[in-house]
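Chemist: Just the structure for this:
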Amino acid sequence: MSALLRTTVFHSIGHPYSLLLRSAVAESRRAPNRYAAFAYHRAQLHTGAVNQNSLTRTQKDGMSAGSEGPHPEDLAASKTGVMEDTEKITAAPPAVHGDWVLFHPVYSPEELRAVEESHKMERITRPHVNCRFFTANLKHFRTKWGFDFASGYKHKPLPPNSSSMSLEELRRGGYVLTEQAWLMRILFLETIAGVPGMVAAMLRHLTSLRSMRRDSGWIHTLLEDAENERMHLMTFMALKKPSIWFRAMVLGAQGVFSNLFFFSYLISPKTCHRFVGHLEEEAVLTYTRCIQEMEAGHLPEWANVPAPEIAKDYWRLPDNAKLLDVMYAVRSDESTHRFINHSLANLDPKTDVNPFALREPDMHVKGKKLGFERSEAEEYVAESHKLLHQAKADESQLK
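Modeler: Reported below is the predicted structural model:
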């Protein structure tokens, strides 16, 4: 089983019996339609649809290699079961809008409420990282010189007599943030959160070009994370246009953080993914607190604010969706980033296959677990391999 995860593309090319990625690429060339069927042949998993993965997509129907087709949630067959005839789908439905191009999960109501804060979870083991060192230094960075200081974010536990205090008194005491303070926090967080995925993807892209070999599926997932964070920013920009001073602060912070992360990733990718996993834990905590304040009535300004159109398009929200629904969706995304980065931090970035290259677990896994241990990632890759072969067998029986 260990061979499945540690197989590199170089090894796959030289070995007569190639494994997961080699098999996926070869099969997609022979029968790309089977993966469209496979993408919907699951109940418990969100997947990126193999035919939408840049590692396995082949040129077809006049589309350039690597281009994206309709999102799975837009296809009627995704609501009913396995697609019987994928050739009937020639274009995305006209009702689809938005500027997203990469795969991202669309959550069910049950999944949106399946996310747990990291302190409620069993900590994953980190044999190569001192957990206490990271936790202590992240707390210092966050509270003293990091995102909390830059965004003016302060969180104080509610006092015992909070039930008898008015909203204005709670805000004056610093126990509850105003909607403007929350927007400041969220906008600043999202302008920085999109940096790690893009920097890591760029470095792995250059490594792939330099070494003249495939990337084992990491680049696409990292780009998905980066664009997902950017779409969070675009969503909240619909609520507030930042001032020139805020933009200048973001410019400086982004420049410093981008360069620091760039050089850090060159030195230790595993440490960087672990660090990003901790940052995403803080993002989950931020949105959880915001949701709690909205549901407690501490943000009456947002009580009846409709979801921005870009959010409805991106997460496939209903027409009557509110801003609270957007917060739940964004929190689920942050939980996904938390899960992916903690999982990647447990792998060998030089040899291991990305276990999420072909599919991802649903929020009942990603929302309740910090990440896969390496042994769990091996099992997940093996299961993906079995599902691919099962889809192939099912298609053969249909013929």
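Chemist: any idea how far Val256 is from Phe275?
Modeler: Distance of Val256 to Phe275, given as Cβ to Cβ, to the nearest Å: 15 Å. For the C-beta atoms, the positions are set from N, CA and C on the backbone; glycine is no exception.
Chemist: Neighbour count: the two, which is higher?
Modeler: More crowded of Val256 and Phe275, by other Cβ atoms under 10 Å: Phe275, with 22 against 11.
Chemist: name the helices or strands packed onto whatever helix or strand the more buried one lives in?
Modeler: Using DSSP states H and E, Phe275 falls within helix 269-295. For helix 269-295, the packing partners by 3 or more Cβ pairs under 8 Å, 6 or more residues apart in numbering; DSSP states H and E come out as helix 131-140, helix 179-193, helix 195-211, helix 244-267, helix 323-345.
Chemist: which parts of stretch 374-385 are buried?
Modeler: 374, 377-382, 384-385 (16 or more other Cβ atoms under 10 Å).
Chemist: Could you single out the nearest of those to Lys399?
Modeler: For the buried residues of stretch 374-385, the residue nearest Lys399 by Cβ to Cβ is His385; the value is 22.1 Å.
Chemist: Over to that closest one. Which of the three states is it?
Modeler: Under DSSP: H, G, I helix; E, B strand; the rest coil, His385 falls in the helix class.
Chemist: out of the helices and strands packed on helix 269-295, nearest to Ile291?
Modeler: helix 323-345 (5.1 Å).
Chemist: Distance of Arg247 relative to Asn259?
Modeler: From Arg247 to Asn259 the distance is 19 Å (Cβ to Cβ).
Chemist: related to what we said a few turns ago, now render the buried residues of stretch 374-385 as CSV, adding pLDDT.
Modeler: Formatted as CSV, those follow (pLDDT from 0 to 100):
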residue, pLDDT
Arg374, 91
Ala377, 90
Glu378, 90
Glu379, 91
Tyr380, 91
Val381, 90
Ala382, 90
Ser384, 87
His385, 86
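Chemist: Turn those residues into TSV, including secondary structure and distance to Lys240.
Modeler: Listed next are the buried residues of stretch 374-385 as TSV, based on DSSP: H, G, I helix; E, B strand; the rest coil; distance: Cβ to Cβ, whole Å:
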residue	secondary structure	distance to Lys240
Arg374	helix	42
Ala377	helix	39
Glu378	helix	45
Glu379	helix	44
Tyr380	helix	40
Val381	helix	42
Ala382	helix	47
Ser384	helix	41
His385	helix	46
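Chemist: does Phe339 really touch Met363, like I thought?
Modeler: No: assessed by Cβ atoms under 8 Å, Phe339 is found out of contact with Met363, at 9.3 Å.
Chemist: ok, now which ones touch the nearest residue to Glu280 once chain neighbours are set aside?
Modeler: Excluding its sequence neighbours, the residue lying closest to Glu280 (Cβ to Cβ, 6 or more residues apart in numbering) is Arg338, at 3.7 Å. Going by Cβ atoms under 8 Å, 6 or more residues apart in numbering, Arg338 touches 118, 277, 280-281, 283-284, 366, 370-371.
Chemist: mind redoing it with 7 Å?
Modeler: For Arg338, the contacting residues are 277, 280-281, 284, 370, by Cβ atoms under 7 Å, 6 or more residues apart in numbering.
Chemist: Are we agreed that Leu358 is in a strand?
Modeler: No: remark: Leu358 does not belong to a strand; assigned using three-state DSSP, it is coil.
Chemist: I'd guessed it sits against His385; true?
Modeler: No: the criterion here is Cβ atoms under 7 Å, and Leu358 misses it with His385 at 9.1 Å.
Chemist: low-confidence ranges in the stretch 101-250 of the chain?
Modeler: For the stretch 101-250 of the chain, the stretches with pLDDT under 70 are 101, 118-155.
Chemist: sorry, back to before: so how far is Arg331 from the residue nearest to Glu280?
Modeler: Distance from Arg338 to Arg331, by Cβ to Cβ: 10 Å.
Chemist: cool, and Asn320?
Modeler: 20 Å.
Chemist: repeat for His205
Modeler: 29 Å.
Chemist: What of Val256?
Modeler: Distance from Val256 to Arg331, by Cβ to Cβ: 27 Å.
Chemist: contacting residues for Ala238?
Modeler: 308, 310.
Chemist: again, only using 6 Å
Modeler: Pro308 (Cβ atoms under 6 Å, 6 or more residues apart in numbering).
Chemist: What values do phi and psi take at the residue lying closest to Ala321 once chain neighbours are set aside?
Modeler: Nearest residue to Ala321 in three dimensions, chain neighbours excluded: Ala307, at 4.0 Å (Cβ to Cβ, 6+ apart). Ala307 has phi and psi values of phi -70, psi 140 when expressed as degrees, to the nearest 10.
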